[in-house]
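# below: sequence and its predicted model.
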Amino acid sequence: MKLHELKPNPGATHRKKRVGRGIAAGQGKTAGRGTKGQGARQGGGPGLYFQGGNLPLFRRLPFKRGFDPLYRTVYNEINLGTLGALPAGTRVTPESLAGLGLLSRPELPVVILGRGEVKVPLTIHVQRISKGARAKIEAAGGTVEEFSAA
């Protein structure tokens, strides 16, 4: 098979409709454009922005300022107050938190935040932890290990 032998499948292409070529052609006189008016003129018809005089859709929507970074990391956020009820010496990992039903989306990494208190020593092994949460855990006698989110 050579390049000049290639052709589309039967029925895949249609002949162009030749409008405005007399009454015998079936699309004569106004050529399917109706009678007079904006749509009948060459280049006629309103732009995409125009919606019949209504306020266009994207002007009705609220402003969205700034942008969301494409490759941002979204975390499951857990506050220390949530971990305060755990028994002493518990090893807190993303898997154990998922087992307790504390993660809304278990496939995402976990960050521990400092709201609340923890009274018992815990071993925390998560992807990220805030400075305040780390200080509170270590003050209670616990240890903190971080590992990469990727």
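Received, thanks.

# worst-scoring helix or strand of the chain, pLDDT-wise?
Comparing every helix and strand of the chain by mean pLDDT, DSSP states H and E singles out helix 57-60 as the least confident one, with a mean of 87.

# any idea how far residue 14 lies from residue 21?
Using Cβ to Cβ, to the nearest Å, one obtains 17 Å as the distance from residue 14 to residue 21. C-beta coordinates here come from the backbone N, C-alpha and C atoms, glycine included.

# who has more neighbours, these two?
The residue with more neighbours, out of residue 14 and residue 21, is residue 21; 12 against 6, by other Cβ atoms under 10 Å.

# who's in contact with the residue nearest to the more buried one when sequence neighbours are not counted?
Beyond its immediate neighbours in the sequence, the residue positioned closest to residue 21 (Cβ to Cβ, 6 or more residues apart in numbering) is residue 28, lying 6.5 Å away. Contacts for residue 28 were tallied using Cβ atoms under 8 Å, 6 or more residues apart in numbering; they are 20, 21, 22.

# ok, back up a step: what's next to the least confident helix or strand of the chain, contact-wise?
Taking Cβ under 8 Å, 6+ apart as the criterion, the residues outside helix 57-60 that touch it are residue 51.

# and the contacts of the helix or strand that that helix is followed by?
Next in sequence after helix 57-60, counting helices and strands by DSSP states H and E, comes strand 76-79. Identification of contacts with strand 76-79 by Cβ under 8 Å, 6+ apart yields 94, 97, 102-106, 108-116.

# name the nearest of those relative to residue 40.
Nearest to residue 40 out of the contacts of strand 76-79 is residue 105 (Cβ to Cβ; 55.6 Å).

# list the contacts for the closest one?
If you count contacts by Cβ under 8 Å, 6+ apart, residue 105 has them with residue 76.

# okay, it: pLDDT?
The per-residue pLDDT reported for residue 105 equals 92.
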